[in-house]
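In: my questions are about this predicted structure, shown below with the sequence.
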Amino acid sequence: RAARAAAREPAASTAVDDWRSFGWLTGVVILRSVLYFGISSLPALFVIDRFDVDQVIGSAALVTFLAVGAVGTLIGGWLADRYGRLPAIRLGYPLALPALVLLLVAPGWPLAIAAAALLALGVHLPFSVQTTLGQEYLPNRIGTASVVTIGLAVSAGGAVAPLLGLLADPYGLPWALGSLLALPPLALVLTFRLKTIA
């Protein structure tokens, strides 16, 4: 009986929570959240205003961003399984930067929509992978890791998005979008502070 009872009891965890790496990851999650909400809030308006097209074309830019983003999340998971979490995360941000530049300088709306698709890949590749990495950094506090990484992913950017609107009103939509250019390189730099989980 004692052996059966002991077998039913969970084994004591020997894993150690890595709060330092989780802190750096939290910074990456916040930057990605601001980037995501800034991009998803402005591209339709930007395309309409920049190319003097109707709302259908502007909506197409947003729909493209969201639809390709869903695929990008799946691709990010596949890349993480095949090559590891950190390479999957680090691939997204270098993709996002040139895509955002291309969106800003696109000479026509078709290229702007193509830029939105590439931008969606860059922004969504790290999303789910960052959540699972957070859980591995805090193996004894998986609930806390999930709440922080998912919660900040959907709240931090929402809190900052109104500031982009305040910037867009007096200076224009290109300035608001352009203010996001610093985020992908900064997020990428922070990813090199993250530890690989064996």
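Out: It's in.

In: low-confidence ranges, this structure, go.
Out: Where the chain drops to pLDDT under 70, the residues are 1-14, 197-198.

In: in space, not sequence, find me the middle residue of it.
Out: In the chain, the centroid-proximal residue (C-alpha atoms, centre = their mean) is R32; its distance is 3.9 Å.

In: that one reaches A187, doesn't it?
Out: Yes - the pair R32 and A187 passes the contact test of C-beta atoms under 8 Å, sitting 6.0 Å apart. To be clear about C-beta, it is placed using only N, CA and C from the backbone, and glycine gets the same treatment.

In: distance of the residue nearest to the centre of the chain from S146?
Out: Between R32 and S146 the computed distance is 16 Å (C-beta to C-beta, to the nearest Å).

In: quick one: buried residues of the helix or strand I89 falls within?
Out: Element membership for I89 (DSSP states H and E) is helix 85-105. Buried residues in helix 85-105, counting neighbours by 16 or more other C-beta atoms under 10 Å, are found at 85-86, 88-93, 95-97, 99-100, 102-104.

In: which helices and strands sit right next to that helix?
Out: With contacts taken as 3 or more C-beta pairs under 8 Å, 6 or more residues apart in numbering; DSSP states H and E, helix 85-105 sits against helix 19-41, helix 55-83, helix 109-124, helix 127-137, helix 173-178, helix 183-191.

In: out of these, flag the one nearest G157.
Out: Between G157 and the helices and strands packed on helix 85-105, the shortest gap by C-beta to C-beta is with helix 19-41, which sits at 3.0 Å.

In: outside of the helix or strand following that closest one itself, list whatever touches it.
Out: Using DSSP H and E, the helix or strand that follows helix 19-41 in sequence is helix 43-51. Contacts to helix 43-51, defined as C-beta atoms under 8 Å, 6 or more residues apart in numbering, come from residues 53-55, 57-59, 61-62, 65, 103, 106, 108-109, 112-113, 116, 173-174, 177.

In: try it again with 10 Å
Out: By C-beta atoms under 10 Å, 6 or more residues apart in numbering, the residues outside helix 43-51 that reach it are 39, 42, 53-65, 103-104, 106-110, 112-113, 115-116, 119-120, 165, 168, 172-174, 176-177.

In: just stretch 189-198 next, same as before
Out: Residues outside stretch 189-198 that contact it (C-beta under 10 Å, 6+ apart) are 18, 20-31, 84-87, 89-90, 92-93, 126, 130, 132-133, 135-137, 139.
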